[in-house]
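>>> this one's sequence-less:
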C-alpha cells in the first residue's frame, strides 16, 4: 500500500497548524485532567459574561427611564403630607404645589424657559361602549413639547382650550385603539357626567419603565389628557393645585447649575415645608452611573478572582505537564528546538486550554443570561464587548499563567532532561 | 578531505558542592568529512559528555571546538539549536522517541525547528524511513514498535535533514545482538553513502565497526 503525504510547500503555515495539532493531542492524552483544569476559567468567564450582560441591561433600563423624564427637565412633584404635616404647612403658609409656582420660577430664572404643569384627575372615564380605566391628566399645552410626546392624529391641547376650560381631550395610543371609532378625533368620551370631545391621539409611547423602578414614567399610551382648567368642570376643585411641574431648562448642560436656583425659589415660597420633591433626571443619571460603577467593580472583582483561581489551576496543570514531559523537552531540544520553541509549545497548550474554557464559558454564560432574563424578567444586554472581553481575558490568562511553566520547561538543561526517567 | 570536527585542549568540568569535577580533560581530536569514528570507553569515562559537546547540546569549559569551521563556544543558544536541527543528527541508546507522536511525526520533528523550510519535507521523511526499512509503519506509535524498529525510527529522524554529522550514543546498547547488528549495518551504509558518523560505545565489537577507533579513559584519550 502506498501512502502519500501532502508536499509541505508552505511549511511555515503547516508548522503552525501542526503545532496546534500536536498541542491539542498532548492535552487530549490527559483529557479529563485538562477539562477539570479549565473549569475555573469556565466559571470565571461565565461570571464575566453574566456581569457585563446583566449590568449593561440594568444600566440601559435605568438610563432609558431617566432619559424619558427628559434630560433638560427638572421635575417638581407634590408630596402627600400627613395630617400633622398639613396643619404645620398651613400654619407656616405653604400653599402646596401650585401652577403659580411654575410662573414664578420662569420669572426668577432666565434659564427656565418653559414650565409644564400636570394634575392627576381621579375621574371615571366611560366610553360609549365599554369601560376603561386610563390615567386622566390635566396638563398645560406645552406638556407635549416638554415630555417629547408626538401627535399621531388631530392636535394637542391648545392655549385656548386651557383658558376656555373646554372639555376636549387627547388620548394615548392604547386608549384610542381600545375605544375604536370613538377614540378618534371627532369622537366623544364620557367622563363622570360630562362629555369630552376627542381632538387628538398621541403616537405610540415606548414606556421604558419597569414595575420596580424607583422613578416611574407615566404610561402615556394609557392616558387621557385634558386642559389644565378642565378639572374644575369635572368636580375636581377649582384651585390651581397641581401634582407636578416640569421645568425645562434652556440647555442640558445648564440643568445642574439651575437646580440650586429652583431649589431656593421653592424653599422660599414653600416656607421650608417639604411638600414637594425635586427630581433631576441628570442627577439621577449620575447616581445611576455611580451605582453601576460600584456594581461593576464588585462583580468585576468576583469575576477576576474566579479567573485568577482558574488561571492558577491552569498553571498547576501545566507545571505537572512540564514535569511529566521532561524527557520530551530534552528530545525536542536535541533535534533543534530553541528555548523559544519550547516556551511557544507550552504557551500554546496553556492558551488552548484557557481559550477552550473561554469559549465554553461564553456559551454557558450566554445560556445562563438568557435563562435569567426569561425566568426573572431582568433586562439583559448582550453586547459584543460582553463576549469578546471575557474571551480575551481567558486568552490573556493562558498567556500569563502558562508563562511560568513554559519558561521552566525552556530553561531545563537538555542533557538532564534527556536523562530524566 | 575537509575537516568537520576539530577539538583542541578541550575540557569539561562541573562545579559541585564538593568542588570542581573534571569529566573531560585536554582532548585533541579531528574528524574529517565522511569518516566513521568510534569512541570507546567504560561507563563514566566521559564519552557521552563528549558526544553532547560535539553535537552542540552541551558546552565545553576549556579549549576550543570548531565544527565545520565555526567556534562552537562563541555561538548563541539559538545558533546551536539551528545546528542541531539541520547539521547534526543524534541517535540515543534509549531511542528517545516522543510517545504520543507517530513514526512519521517523530521523523518530521527536526523540520519544525530547522531555521529554513526545506521543500519536499514529506519526500525526505519517506526517503529516510525507507532507508531504515520502515516506510510501511508510518502511522504506528513508538509503543507499537519493537526496540530495533524504534532505533531505526530514531536513525531516520537523525538523518532526515541530511546532517553533516551523525552522533550515535550506544545505539545498540538496548538491543539484542541480532538487532544491534542490523542497526550497525544501517550506520555503516550511511557512512558508505557519505555521512560522517561518530559512535560512542563501551562495546569493543561495536567499536571495531568504525574505520577509526579512539579510546576514552577518565576523560582522556588513550592510545
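That came through fine. If you're wondering where the values come from, they're calculated on a predicted model, not measured in any experiment. Numbering: from 1, shown residues only, chains lettered A, B, ... in the order given.
>>> only C-alpha atoms for contact and neighbour calcs from this point on.
Noted.
>>> Now do the phi/psi pair for the residue in the stretch 201-350 of chain A that chain B sits nearest to.
Closest contact between the stretch 201-350 of chain A and chain B, by CA to the nearest CA, is at residue A:336 (3.8 Å). Residue A:336 adopts backbone torsions of phi 120, psi 0, taken as degrees, to the nearest 10.
>>> and it, how far is that from residue B:113?
5 Å (CA to CA, to the nearest Å).
>>> overlap in contacts of these two?
Residues touching both residue A:336 and residue B:113 by CA atoms under 8 Å, 6 or more residues apart in numbering or on different chains: B:82, B:85.
>>> where do the strands sit along chain B?
B:3-16, B:19-32, B:36-41, B:62-67, B:70-71, B:88-91, B:165-169, B:196-201, B:212-217, B:220-222 (DSSP state E).
>>> Throw the ones you listed into JSON lines and include mean pLDDT and distance to residue A:274, thanks.
As requested, the strands of chain B are exported to JSON lines (pLDDT from 0 to 100; distance: least, CA to CA, whole Å):
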{"stretch": "strand B:3-16", "mean pLDDT": "92", "distance to residue A:274": "87"}
{"stretch": "strand B:19-32", "mean pLDDT": "91", "distance to residue A:274": "90"}
{"stretch": "strand B:36-41", "mean pLDDT": "93", "distance to residue A:274": "104"}
{"stretch": "strand B:62-67", "mean pLDDT": "95", "distance to residue A:274": "94"}
{"stretch": "strand B:70-71", "mean pLDDT": "94", "distance to residue A:274": "93"}
{"stretch": "strand B:88-91", "mean pLDDT": "94", "distance to residue A:274": "92"}
{"stretch": "strand B:165-169", "mean pLDDT": "95", "distance to residue A:274": "96"}
{"stretch": "strand B:196-201", "mean pLDDT": "94", "distance to residue A:274": "101"}
{"stretch": "strand B:212-217", "mean pLDDT": "92", "distance to residue A:274": "104"}
{"stretch": "strand B:220-222", "mean pLDDT": "88", "distance to residue A:274": "104"}
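>>> Please work out which of the ones you listed is packed deepest.
strand B:88-91 (a mean of 27; mean count of other CA atoms under 10 Å in any protein chain shown).
>>> gap between stretch A:401-418 and the chain center?
48 Å (CA atoms, centre = their mean, to the nearest Å).
>>> Report the buried residues of that stretch.
Using 16 or more other CA atoms under 10 Å in any protein chain shown as the test for burial, stretch A:401-418 gives A:401-407, A:409-410, A:414-415, A:417-418.
>>> same thing with stretch A:366-379?
Across stretch A:366-379, burial judged by 16+ other CA under 10 Å covers A:366, A:368-370, A:372-373, A:378-379.
>>> Quickly note the distance from residue A:302 to residue B:59.
Taken as CA to CA, the span from residue A:302 to residue B:59 is 50 Å.
>>> And residue A:57, by the same measure?
Relative to residue B:59, and taking CA to CA, residue A:57 is found at 63 Å.
>>> rewinding a little: tabulate the strands of chain B (CSV), appending distance to residue B:132.
Shown next, in CSV, are the strands of chain B (distance: least, CA to CA, whole Å):
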stretch, distance to residue B:132
strand B:3-16, 25
strand B:19-32, 25
strand B:36-41, 18
strand B:62-67, 27
strand B:70-71, 31
strand B:88-91, 13
strand B:165-169, 15
strand B:196-201, 16
strand B:212-217, 24
strand B:220-222, 32
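>>> Could you dump those into JSON lines with distance to chain A added?
Formatted as JSON lines, the strands of chain B follow (distance: least, CA to the nearest CA, whole Å):
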{"stretch": "strand B:3-16", "distance to chain A": "13"}
{"stretch": "strand B:19-32", "distance to chain A": "15"}
{"stretch": "strand B:36-41", "distance to chain A": "19"}
{"stretch": "strand B:62-67", "distance to chain A": "16"}
{"stretch": "strand B:70-71", "distance to chain A": "17"}
{"stretch": "strand B:88-91", "distance to chain A": "7"}
{"stretch": "strand B:165-169", "distance to chain A": "11"}
{"stretch": "strand B:196-201", "distance to chain A": "16"}
{"stretch": "strand B:212-217", "distance to chain A": "20"}
{"stretch": "strand B:220-222", "distance to chain A": "21"}
